[in-house]
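K.L.:
Fold the stuff below for me.
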Amino acid sequence: EHYRSFAKTLKRSMRQIHRAGEKLFIDYAGPTIGLTDDSRAHIFVAAMGASSYTYACATPRETMVDWLESTARALRFYGGCTQLIIPDNPRALISDANRYEPRANDTVLDFARHYGTSFLPARPYHPRDKPKVESAVQVVERWILARLRHQQFESVHAVNAAIMPLLKRLNERPFQKLPGSRASTFAAIDAPALLPLPLQRYEIAYFKKVTVHIDYHVEVDKHRYSVPHALVGQVLEARVT
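P.N.:
Prediction:
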């Protein structure tokens with residue numbers, strides 16, 4: 001008993017200071033929304049580091065395509081891109097969930113190159129590494145999902161149409177202990193510091209290893225493409241969109 005009371009005094013939690021436009025935290029909420037076809041809509045949530053400005057949308061599943069498409073929609077919602085995007089360690093995005101040097105898969109890295117940003121996954125089983133989105137998920141569950149729980153939806157698009165007006169009200173709600181709201185703080189602090197978006201939205205790309213044949217062609221999805229003849233015999237990486 002004495003040791004347990006002593007051990008409680010050893011716990012520490014470092015206060016995180018987020019610079020404007022630096023980090024975007026992303027995650028999925030635990031609860032889902034049932035559709036009339038017996039499938040479920042999963043709720044993606046994003047939150048800005050400095051202002052906590054929140055974005056939410058529904059997706060059919062939680063695959064890599066769902067993660068990246070939702071992140072692209074979030075960046076368009078914010079009107080710019082942050083220097084870092086912080087997910088947890090979902091298998092859909094992270095090919096090697098190493099504690100010290102986690103590695104995202106090739107498509108995620110290609111997404112980051114397109115937007116001029118970087119993915120920095122949180123440590124496994126360390127929710128305190130991304131408290132902004134953990135808090136945003138709770139707020140979305142209480143102020144959006146709770147209000148939609150008795151409604152019936154035929155599709156994911158119908159869920160998204162119902163989320164948007166509630167999301168606007170959520171971001172315009174005044175802070176309890178700080179001046180302003182998420183929307184006003186975002187406009188004053190985060191928005192001016194965001195990186196500009198590229199002219200075109202990212203198109204999902206897949207990568208595969210291909211070997212250059214003796215006729216200096218590679219085969220991708222039963223089609224043959226020519227490459228410089230000096231690459232005969234080498235293993236290349238094909239980017240498929």
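K.L.:
Dead centre of this protein: give me the residue that sits there.
P.N.:
What sits nearest the mean C-alpha location of the chain, by C-alpha atoms, centre = their mean, is I26, with 4.0 Å.
K.L.:
Just give me the longest helix of the chain.
P.N.:
helix 156-172 (DSSP state H).
K.L.:
can you list the residues that contact that one?
P.N.:
With C-beta atoms under 8 Å, 6 or more residues apart in numbering as the contact definition, helix 156-172 has outside contacts at 33, 35, 41, 53-60, 139-140, 143-144, 147-148, 151, 153, 181-183, 186. Where you see a C-beta, it was placed from the backbone N, CA and C, and this is true even at glycine.
K.L.:
Please compute how far whichever strand in the chain runs longest lies from its chain's middle.
P.N.:
The residue-count maximum for a strand in the chain (DSSP state E) belongs to strand 23-34. In terms of C-alpha atoms, centre = their mean, to the nearest Å, the centre of strand 23-34 is found 9 Å from the chain centre.
K.L.:
so how far is the first residue of stretch 192-201 from its last?
P.N.:
21 Å (C-alpha to C-alpha, to the nearest Å).
K.L.:
er, stretch 103-119 actually
P.N.:
9 Å.
K.L.:
any low-confidence regions in the protein?
P.N.:
For the chain, the stretches flagged by pLDDT under 70 are 13-14, 98-99, 124-129.
K.L.:
all helices of it, in order?
P.N.:
2-8, 64-78, 106-115, 131-140, 146-148, 156-172, 182-185.
K.L.:
just so I know, which of those helices lies nearest A97?
P.N.:
Of all these, helix 106-115 sits nearest to A97, with 12.7 Å by C-beta to C-beta.
K.L.:
residues making contact with the closest one?
P.N.:
With contact meaning C-beta under 8 Å, 6+ apart, helix 106-115 is reached by 64, 68, 71-72, 75, 81, 85, 93-94, 104, 118-119, 195, 197-198, 202, 204-207, 237, 239.
K.L.:
List only buried entries from those residues.
P.N.:
When these are checked for burial by 16 or more other C-beta atoms under 10 Å, the buried set is 64, 68, 71-72, 75, 81, 85, 93-94, 104, 119, 197, 202.
K.L.:
wait, which of the residues you listed is closest to R173?
P.N.:
Of the buried ones among the contacts of helix 106-115, the one sitting nearest to R173 (C-beta to C-beta) turns out to be L75, at 23.1 Å.
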